[in-house]
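Colleague: return atomic coordinates for the entry below.
(chains A and B)
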Amino acid sequence: DQQVKQNSPSLSVQEGRISILNCDYTNSMFDYFLWYKKYPAEGPTFLISISSIKDKNEDGRFTVFLNKSAKHLSLHIVPSQPGDSAVYFCAAHTPPTNAGKSTFGDGTTLTVKP
Amino acid sequence: NAGVTQTPKFQVLKTGQSMTLQCAQDMNHNSMYWYRQDPGMGLRLIYYSASEGTTDKGEVPNGYNVSRLNKREFSLRLESAAPSQTSVYFCASSESPWGANSPLHFGNGTRLTVT
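Modeller: A predicted model of the protein is given here:
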């Protein structure tokens, strides 16, 4: 039972356009959602997060949207740059008061073409 | 400003051999974690330490043991390596476990092959 799903293994966009990465979840106890970015031969690095009480969080070119009723999360990158080419992981936390854990999706490989 | 440091970067073991993966963080974080990543999959939690002096099992603990040596260091031991343990292992740390505004900081991984 995969509680966090990234249904698109890969995405290719043109430089300057918008990249939209999607994530679906099933566990309504998740209270915090995060996106991590991973380059080859490196560890994941934290990108942006959102609390379950919000529906949008923005940081520069990166915006995360949360639709709780649909249990859907998306990451928008505008404008996309070649340096954004990486694997993006969606992750969700359950709080320590509810057997805390962090669950990761399988990742989406983003390729931004110059 | 090293962050999370893992050693070794690469390792090849024969079935049945043992080894310890080392991890140290210099961010004064309370919580530390060990994950494994298999090809095409997300990260799966092996063990974690919410605070110094405590350790708990994650999703896939079988075949592994851990030691939280002090606040900085968290090691992962494979007592008798099996081919199914071929994977990339990531250590991570955070200020608090699963907390809001407490993202994980990862090391660069150890690539382990068991033949």
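Colleague: since we're on the closest residue to residue B:5 other than its chain neighbours, how many residues are nearby?
Modeller: Leaving aside its chain neighbours, residue B:5 sits nearest to residue B:24 (5.2 Å; criterion: CB to CB, 6 or more residues apart in numbering or on different chains). Quick note: C-beta positions are derived from backbone N, CA and C, even for glycine. By other CB atoms under 10 Å in any protein chain shown, 20 other residues sit near residue B:24.
Colleague: quick one: contacts for residue B:111?
Modeller: With contact taken as CB atoms under 8 Å, 6 or more residues apart in numbering or on different chains, residue B:111 is in contact with B:9-11, B:88.
Colleague: one more time with 6 Å, if that's ok
Modeller: Residues near residue B:111 by CB atoms under 6 Å, 6 or more residues apart in numbering or on different chains: B:10, B:88.
Colleague: and if you look at the one 4 residues further on?
Modeller: Under the criterion of CB under 6 Å, 6+ apart, the contact partners of residue B:115 comprise residue B:14.
Colleague: if we use 7 Å, what do you get?
Modeller: Contacts were defined as CB atoms under 7 Å, 6 or more residues apart in numbering or on different chains; by that measure residue B:115 touches B:12, B:14-15.
Colleague: how far away is it from residue B:81?
Modeller: Distance, residue B:115 to residue B:81, using CB to CB, to the nearest Å: 9 Å.
Colleague: overlap of the contact sets of those two?
Modeller: Common neighbours of residue B:115 and residue B:81 (CB under 7 Å, 6+ apart) are residue B:15.
Colleague: in this structure residue B:30 contacts residue B:102, no?
Modeller: No. Using CB atoms under 7 Å as the test, residue B:30 is too far from residue B:102 to be in contact (9.3 Å).
Colleague: joint contacts of these two?
Modeller: Both residue B:30 and residue B:102 are contacted by B:95-96, under the criterion CB under 7 Å, 6+ apart.
Colleague: report pLDDT for residue 90.
Modeller: Let's take chain A. Residue A:90 carries a pLDDT score of 96 in this model.
Colleague: I was after chain B.
Modeller: In this model, residue B:90 carries a pLDDT of 98.
Colleague: okay, now the sheet partners of the helix or strand where it lies, with direction.
Modeller: Assigned by DSSP states H and E, residue B:90 belongs to strand B:87-94. For strand B:87-94, the paired strands and their directions (DSSP bridges) read strand B:31-37 (antiparallel), strand B:105-106 (antiparallel), strand B:110-114 (antiparallel).
Colleague: does residue A:42 touch residue B:108 like I think?
Modeller: Yes. Counting by CB under 7 Å, residue A:42 touches residue B:108, with 5.3 Å between them.
Colleague: the two - which one has more neighbours?
Modeller: Per other CB under 10 Å, whichever of residue A:42 and residue B:108 has more neighbours is residue B:108, with 17 against 13.
Colleague: how about the nearest residue to residue A:18, chain neighbours excluded?
Modeller: Counting by CB to CB, 6+ apart, residue A:18 lies nearest to residue A:78, which is 4.7 Å off, once chain neighbours are set aside.
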